[in-house]
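Undergrad: please find the sequence and the predicted model below.
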Amino acid sequence: MDDLAWETLDTDIDYRCPGFDVRRDEVRFPDGDTDGYHYVDEPPAVVVLPLTPDGDVVVIDEWRQAVGRVNRGLPAGTVEPEDADDLAGAAARELAEETGYEADAFERLTTVEPTNGMANAVHHHFLATGCEPTAERDLDHNESIAVETVPYDDLLGAVVDEGLRDGRAVTAVLWYELLHR
């Protein structure tokens, strides 16, 4: 596969903003031609599928400016540098901050690169079980989030009928189906 690899000759940030940068790499293609390649450069993230002791799912409804609507999803957030060796700890933090819930246990579901044609994003998906509302929410200044619990089968149905459009949430639900049901 080395014959498909691009060589990075130089790299620089074209634009910085909270949450991500736009990076431009000067690359050499396998045929020897060179060109610039732009992509979104962002830190890794965790995504949590939180289940209550009764088997319901803790979901969030959040305003998403990019699509101009409230979007149903799952708790998720950036892996901070101090979390690099404790992804389950990052998942626990995001669950508590966004929902006020804490879990008895965390289990890794999968790690994906959801948009690797235009971003270097890496999402680590976790199942959280035994979730109870025992923590204080601590939303970021730019988060507008409502929390609700829904029956798991209703959330799965929303994947099938396209009512659940958040790709991170869909990925977590489908991996749960593959591994546990």
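TA: Good, I have the coordinates. Only a predicted model underlies this, so the values are computations on that prediction, with no experimental measurement involved. Numbering: from 1, shown residues only.

Undergrad: list the helices and strands the longest strand along the chain packs on?
TA: If you go by DSSP state E, the chain has its longest strand at strand 7-17. Identification of packing neighbours for strand 7-17 by 3 or more CB pairs under 8 Å, 6 or more residues apart in numbering; DSSP states H and E yields strand 20-28, strand 34-41. For the C-beta atoms, the positions are set from N, CA and C on the backbone; glycine is no exception.

Undergrad: who's in contact with that strand?
TA: Applying CB atoms under 8 Å, 6 or more residues apart in numbering, the contact partners of strand 7-17 are 21, 22, 23, 24, 25, 26, 27, 28, 34, 38, 41.

Undergrad: now those residues: which count as buried?
TA: Buried positions within those, assessed by neighbour count (16 or more other CB atoms under 10 Å), are 23, 24, 25, 27, 41.

Undergrad: max pairwise distance over these: which two?
TA: 27 and 41 (14.6 Å; CB to CB).

Undergrad: Serialize the helices and strands packed on strand 7-17 to a markdown table and add fields for mean pLDDT and distance to residue 124.
TA: As requested, those are exported to a markdown table (pLDDT from 0 to 100; distance: least, CB to CB, whole Å):
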| stretch | mean pLDDT | distance to residue 124 |
| --- | --- | --- |
| strand 20-28 | 97 | 17 |
| strand 34-41 | 97 | 18 |
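
Undergrad: out of those strands, nearest to residue 105?
TA: strand 20-28 (31.0 Å).

Undergrad: that closest one vs strand 34-41, what angle?
TA: Relative orientation of strand 20-28 versus strand 34-41 (axes from the mean of the first three to the mean of the last three CA atoms, to 10 degrees): 160 degrees.

Undergrad: same for strand 20-28, what does it pack against?
TA: Packed next to strand 20-28, using 3+ CB pairs under 8 Å, 6+ apart, are strand 7-17, strand 34-41.

Undergrad: that one pairs with which strands?
TA: Strand pairing for strand 20-28, determined by DSSP bridges: strand 7-17 (antiparallel), strand 34-41 (antiparallel).

Undergrad: tell me where the model's unsure across this structure.
TA: 1 (pLDDT under 70).

Undergrad: so where do the strands sit in it?
TA: According to DSSP E, the chain carries its strands in the segments 7-17, 20-28, 34-41, 45-50, 56-64, 69-73, 76-78, 105-112, 123-129, 145-151.

Undergrad: could you point out which of those sits nearest residue 87?
TA: strand 123-129 (5.0 Å).

Undergrad: just checking: what are the partner strands of the closest one?
TA: By DSSP bridges, strand 123-129 pairs with strand 45-50 (parallel), strand 105-112 (antiparallel).
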